[in-house]
Structures are given as C-alpha cells and as structure tokens.
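Student: predicted model and sequence below, questions to follow.
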Amino acid sequence: MEKEASLEDIVKNDYQEKTILNLEVPTNKIGLANDHRGYKLKQKLTKYLTKKGYTIIDYGCDNSQNHDYPEYGFKLGEAIRDGEIEKGIAICGSGIGISIACNKVKGVRCAKVNNIKETKYTRLDNDANIIAISGDMPTFRAKDIVDVFLKTKFSNEERHQRRINMLNEYK
C-alpha cells in the first residue's frame with residue numbers, strides 16, 4: 001500500500017519532481033458553501049482561514065438542519081462565474097452531490113478531492129476553481145487539503161490549457 005505524502009513532504013518537494021506550491025496567495029477572498037452535513041466543517045475551516053488572513057464569503061446554510069446541497073453549490077458556482085471570488089470550497093455529506101451542483105454552472109471546474117495528492121493535481125493540471133470535500137472528513141486533513149488548493153498554481157502547460165479550453169468551449 002502506497003504511503004500518502006504529508007503536506008510537509010510536498011512543500012519540501014521530496015515527493016514529486018517539481019515544486020508544486022507557490023506561497024503567494026493571489027486573492028484573499030474565498031467562497032465556502034455547504035449543506036447541513038457540511039455545516040460543522042465549514043465553521044472550522046472559516047475560523048482557520050480567517051486566522052490565516054483570508055476573507056470568507058459564505059454561500060452555505062447556517063445550521064445543521066436539513067438543507068438541499070444544489071442550492072448552495074449553485075450559489076458558489078455563480079459567484080465564481082460572476083467574478084465575485086476566484087476560488088471556492090464546497091462541503092456536503094460526501095462532497096459528490098455539491099460538486100455536481102457546482103459543475104452545472106458554466107466556467108466552474110469543481111473537483112471532489114479526498115487527499116492532498118488529488119488536490120495538487122486538480123490545481124496543476126485542471127486549474128480547478130472549486131474543490132468539494134466530505135463534511136465527514138477529519139478537520140486536520142481538510143485543512144491540509146485547503147492549504148494545498150489555495151497555494152498551488154496552475155501549471156499553465158500547453159496541453160493542460162488546451163484541455164481546459166475544450167471544456168470551456170463545450171456547449
């Protein structure tokens with residue numbers, strides 16, 4: 001079984017061939033969206049990111065009573081589309097439903113991620129502007145994933161840009 005690299009391994013560049021994190025943060029405004037099952041994790045991530053100097057725009061529900069994830073995924077996606085924010089974090093029970101909702105909005109590239117390796121590659125290769133995570137994810141792992149998402153720049157390699165253009169041009 002392959003050992004998952006730690007955030008420290010990736011930052012130190014001991015895990016992959018090239019540096020994947022740019023510690024410059026292009027924007028400090030981040031959108032968060034959640035349904036009822038993502039409410040507690042959103043609260044923890046909001047506190048964590050605020051302490052790091054980010055401004056959080058909340059597009060999610062404000063309690064743990066039953067809510068429909070599409071409503072909040074659409075709001076987050078529309079905020080990306082309309083240029084209100086550059087990056088977003090979506091949270092629901094599994095992360096899957098809200099990622100589907102976000103991806104219904106043109107111009108959104110939302111990836112459902114479970115670990116830092118997936119997060120790194122969705123930024124490097126796909127220039128994802130939203131990640132979706134499970135509300136059941138341990139807080140320490142969610143923080144590492146969010147850090148990698150916010151600090152990893154798109155590789156801007158021609159082949160990856162060509163593929164993103166294909167996605168953007170599809171009707």
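Tutor: In hand now; what should we look at?
Student: going forward, measure contacts and count neighbours with C-alpha atoms only.
Tutor: Noted.
Student: where in the protein is pLDDT low?
Tutor: When residues are selected by pLDDT under 70, those of the chain lie in 1-27.
Student: which residues touch the residue lying closest to residue 111 once chain neighbours are set aside?
Tutor: Closest residue to residue 111 apart from its sequence neighbours, by CA to CA, 6 or more residues apart in numbering: residue 131 at 4.9 Å. Residue 131 is in contact with 88, 89, 90, 99, 110, 111, 112, 113, 119, 149, counting by CA atoms under 8 Å, 6 or more residues apart in numbering.
Student: rerun at 7 Å
Tutor: Counting by CA atoms under 7 Å, 6 or more residues apart in numbering, residue 131 touches 88, 89, 90, 110, 111, 112, 113.
Student: which ones among these map onto helices?
Tutor: Using DSSP state H, no member of the contacts of residue 131 falls within helices.
Student: adding distance to residue 78, write those residues out as JSON lines.
Tutor: Shown next, in JSON lines, are those (distance: CA to CA, whole Å):
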{"residue": "88", "distance to residue 78": "11"}
{"residue": "89", "distance to residue 78": "13"}
{"residue": "90", "distance to residue 78": "13"}
{"residue": "110", "distance to residue 78": "12"}
{"residue": "111", "distance to residue 78": "16"}
{"residue": "112", "distance to residue 78": "18"}
{"residue": "113", "distance to residue 78": "21"}
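Student: which among those residues gets closest to residue 79?
Tutor: Of all those, residue 88 has the smallest distance to residue 79: 8.8 Å, by CA to CA.
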